[in-house]
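Colleague: got a structure for you, letters missing:
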């Protein structure tokens, strides 16, 4: 996840998902629980990106908010799996840490977006 981040949130999430997919390809080479965790991470990250893309074509504000809410939920799940991978030493910290940092930043950005959609 080196270099400047894309300005567009959807593109930034897409780049994150690509990084997660590459990471999970390596992680899933280990059988058992580690492979299952890799698949869970890949599923949640790719779902976050896919729902953000779907939000772009939402037919109503409510549909837009719903797709963004799912994207946020899936990004939070991705963050969980990355934290678990790091805490359980399932991959080298220098490989996991950039993804974890990016997942944290994307979660914060998606949270801020949801707050704008649903002001208190």
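Modeller: That came in fine, so what should we check first? Predicted model, so just to flag it, every value in this text is computed and none were measured.

Colleague: nearest spatial neighbour of residue 67, skipping sequence neighbours?
Modeller: Nearest residue to residue 67, sequence neighbours excluded (C-beta to C-beta, 6 or more residues apart in numbering): residue 55, at 3.6 Å. The C-beta positions use only the backbone N, C-alpha and C, and glycine is treated the same way.

Colleague: so how many other residues sit close to that neighbour?
Modeller: Applying other C-beta atoms under 10 Å, we find 19 residues neighbouring residue 55.

Colleague: Phi first, then psi, for it.
Modeller: Note on residue 55: its backbone torsions stand at phi -60, psi -30 [degrees, to the nearest 10].

Colleague: isn't it right next to residue 71, touching?
Modeller: Yes: between residue 55 and residue 71 there is a contact under C-beta atoms under 8 Å: 6.8 Å.

Colleague: Now that we're looking at residue 120, what pLDDT does it have?
Modeller: Per-residue pLDDT puts residue 120 at 49.

Colleague: Sweet, I'm off.
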